[in-house]
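>>> Structure, please.
(chains A and B)
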Amino acid sequence: MLCQKCHKNLATVRYAEVVDGKVTEQHLCAECLADHQAGGKVGFELSGPVSSSRSIASAVSLETGRRRGRRLCRSCGTPLTKLVEAGECGCAVCYRSFSEELEPILTDAHGSSHHVGKTPRVNDLHSRLNTTLQTKRSLLRSALQTESYEEAAMLRDEIRELEAALTSAKEKNN
Amino acid sequence: MLDSLVAKIPWISGKAQEPAVAVFSQVSLIRNLSGFAFPGTSSQDEERAIEERVLNVLDSLEMFSSGQYYSLSNIDPREAYLLAERRLAPFDLLNGRLHAGVYIADDQGMSIAVNGANHLCLTAIGPGLQFQELYNRINLLDDTLAGLLDYAFDQRFGFLTRSISHVGTGMKASVMLHLPALVMENGLAEMMQTLRQRRQILCGQKSSLAKPSAQQPKAHEMDKRLALIHHQQNLAEALYYDLSGLLYGDINDTQGDLLLLANQNTLGISEEETLFHLRHTANDIIAQENKARKKLLNGEHRRLDDRVARALGVARSARLLGFSEALNLLSSIRLGVDTGLLKGYSLSRLTELIFASQSAHLKIKADHESNEWTLSIQRADLFRARFCQERRTEPD
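Numbers count the residues shown, from 1 in each chain, chains lettered A, B, ... in the order given. As a prediction, the model looks like this:
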C-alpha cells in the first residue's frame, strides 16, 4: 500500500489519531510520519494531544520490523523476503545487495559461503574481437529489420574487417 | 521439424560405455550473463537480447555448425516436451517464455538451453557412468562461451545463479542408476545417511506430474499452444531432467527401480572434487547392487527368473500399457539381461525404450489427438513390436 500522504513510498505505519473525539486512521511512510508529527503539532494544537509517547514507540517498532522485509535489491527490486523464503535471486546484483544476509543462508545450505573451483576465462584479443563482432552482427540484424540499408552496408563492411582481423589473430595464435 | 531428432538417440548406442547399473550420466553447468536480470525478473526485451547474443555466438563459431538451435516458439509443443523428455532441456525451459530455446548438438549428447530458469544451462549426457568425460566436454564448451559472453561471476560466490542452491560452480551432475536388487532388499535406506554426510542426494523420479512447475506461466507471456499442453499436463508421463529437484521424489516412490544420484552442493567444493566424490559414491552403490544381485541369483534364482520371464511375457502380449508399468517391465527385463538370465537384448536398446515410452515421444508419432488411453495402446504396441521382433532377429 502506498503512503496516503505522499503517494510515493510504501506505507509502513498505520497512524491513528483522535481528533475531536473522532478516530482518523492513515497509512503513512516513515518520512511522512516524521513530518506529520513534527509539523502537524501547529495544526492540531487546539484539538489536544496529538499522539501519546506510546503510539510513537509502537509505530517505531513496527517500522523497524517491517524495514527488514521491505529491503529490496537496488538493481532489480527483488525483496529480501523472496530470497530468504524461496531461495531465489532476481539478478546478479542481489548477491551483492544482500551479501550479509546470504552468507549464513549459503553456509547452512552448502556448508560454505566461498566459491572454490573454476573462474571464467580472462578476455583475450580473440574473444574481444568476437564480442565486438557479435554486437555488430546484432546491430546489422536490427538495421535490416528497420530497413536502414545505408547503416547495414556500413556494418557489413565493419563485420568483414573484424572477421579478417579475427582470422589473422587465429593464425598468429597457431 | 525434429524428424531426424525423433528417430533415434545417437549417444545411447555409443560403444564407449555399455550402460548397465549406471544407465546414463549428465553434467550441467548453469550460467547467467552479467548485466541482465535472471529469467523470472527480466523483461521480454532482456530475454530477446540474451537469445540474440547466444545465437550470434552459435553463428560465429564452427564448433556449433554441427547442431541446431530450436526456438521454442517455432516448434510444436509436443516437440518441446520431447526435448525435455530426452533430457536435452531441463524441464524449466518449458515455462513458456517467448525467447526460450535450445541448441542441440548432432549426437544429442550436448545441449545449451537458453532462457529457462537461468540464462543458460549447458548439458552433456552420455551412457553409463562417465562424469569426467562429460565434464571435459561441457567445460570446453563453457570456456568457449565464457570468452564470448560476459558471465555473471563473483569472486566470493562464484557463478551467480537464480536459485541460491546452484550458486558457486553452478554444476549439477547426476547419474541414473538401475537398482532393482537393492530396492527388493530395502537396501537403500542404510545408504541415505552416508549420502547426507557426503552432501549428495539419491532420489526417485516422479513419473507423472500433478503440477507442471513451481511457477505457473503467466498467460500473457505464454505461447497459446504451450498453454494448451500445460493444461493437459496431468497426462504427461515422463522422466524429466529437473535442476530444481521439484520433480524428484522419495526413493520409495520411484518407478522402474530407477534412482538418480546427484550432487547437492555447489559452493565451497570444486567441480573436480564434486565429480570425484560422486563417482566414488556411484561405484559404491553399483558394487552393493551387484552384491545384492549375486545374493538373489544364488538364493532366489527361481523368483528372479520368474520375475524376468513374466515381464517379458507381458511386454510381448500387453494391449494396454501405462508408463509406470512399462518402466517396471523394462526394469525386470534389464535385470534379466544384466544377470545373464535373458539373452538376445541389448542394454542400450532397453535404455532407448525408457525414452521412447514417455508421453511426448508417443504423442509425436500419433496422427490423432492423444489421451491416456491411446497412449497406453501405443505404448503396448511399441513393446510388442520391440520384444517380439528382437526375438526373431536376435535368436537366443
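
>>> quick one, helices of the stretch 1-150 of chain B?
For the stretch 1-150 of chain B, the helices defined by DSSP state H, counting those that start in this stretch occupy B:3-7, B:44-60, B:77-85, B:131-148.

>>> How far off centre is the second one?
In terms of CA atoms, centre = their mean, to the nearest Å, the centre of helix B:44-60 is found 25 Å from the chain centre.

>>> got the angle for that helix vs helix B:131-148?
110 degrees (axes from the mean of the first three to the mean of the last three CA atoms, to 10 degrees).

>>> any residues touching helix B:44-60, and which ones?
A:130, A:133-134, A:137-138, A:141, B:33, B:36-37, B:39, B:42, B:64, B:69, B:71, B:97-101, B:103, B:112, B:114-115, B:119-120, B:145, B:148-149, B:221 (CB atoms under 8 Å, 6 or more residues apart in numbering or on different chains). The way it works is simple: take the backbone N, C-alpha and C, and place the C-beta from them, glycine included.

>>> 7 Å instead?
A:130, A:133-134, A:137-138, B:33, B:36-37, B:39, B:64, B:69, B:97-99, B:101, B:103, B:114-115, B:119, B:145, B:148-149 (CB atoms under 7 Å, 6 or more residues apart in numbering or on different chains).

>>> which of those residues count as buried?
A:130, A:133-134, A:137-138, B:33, B:36-37, B:39, B:64, B:69, B:97, B:99, B:101, B:103, B:114-115, B:119, B:145, B:148-149 (16 or more other CB atoms under 10 Å in any protein chain shown).

>>> Could you verify my assumption that B:Leu342 touches B:Val308?
Yes: counting by CB atoms under 7 Å, B:Leu342 does reach B:Val308; the two are 5.5 Å apart.

>>> Tell me the buried residues in stretch B:346-357?
B:347-348, B:350-357.

>>> pLDDT of that stretch, averaged?
Stretch B:346-357 carries an average pLDDT of 92.

>>> can you give me how far it is from the chain middle?
Using CA atoms, centre = their mean, the offset of stretch B:346-357 from its chain centre is 13 Å.

>>> Just the CA atoms of it, as CSV, please.
Taking Å, rounded to 0.1, in the frame of the first residue of the first chain, the C-alpha atoms of stretch B:346-357 are listed here in CSV:
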residue,chain,number,x,y,z
SER,B,346,21.0,-55.2,-25.7
LEU,B,347,21.0,-52.9,-22.7
SER,B,348,21.2,-49.8,-24.9
ARG,B,349,18.0,-50.8,-26.7
LEU,B,350,16.4,-51.1,-23.4
THR,B,351,17.6,-47.6,-22.4
GLU,B,352,16.2,-46.3,-25.7
LEU,B,353,12.8,-47.8,-24.7
ILE,B,354,12.8,-45.9,-21.4
PHE,B,355,12.9,-42.7,-23.5
ALA,B,356,10.5,-44.0,-26.2
SER,B,357,7.7,-44.9,-23.7
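
>>> Nearest to A:Gln26 among the buried residues of stretch B:346-357?
For the buried residues of stretch B:346-357, the residue nearest A:Gln26 by CB to CB is B:Phe355; the value is 62.5 Å.
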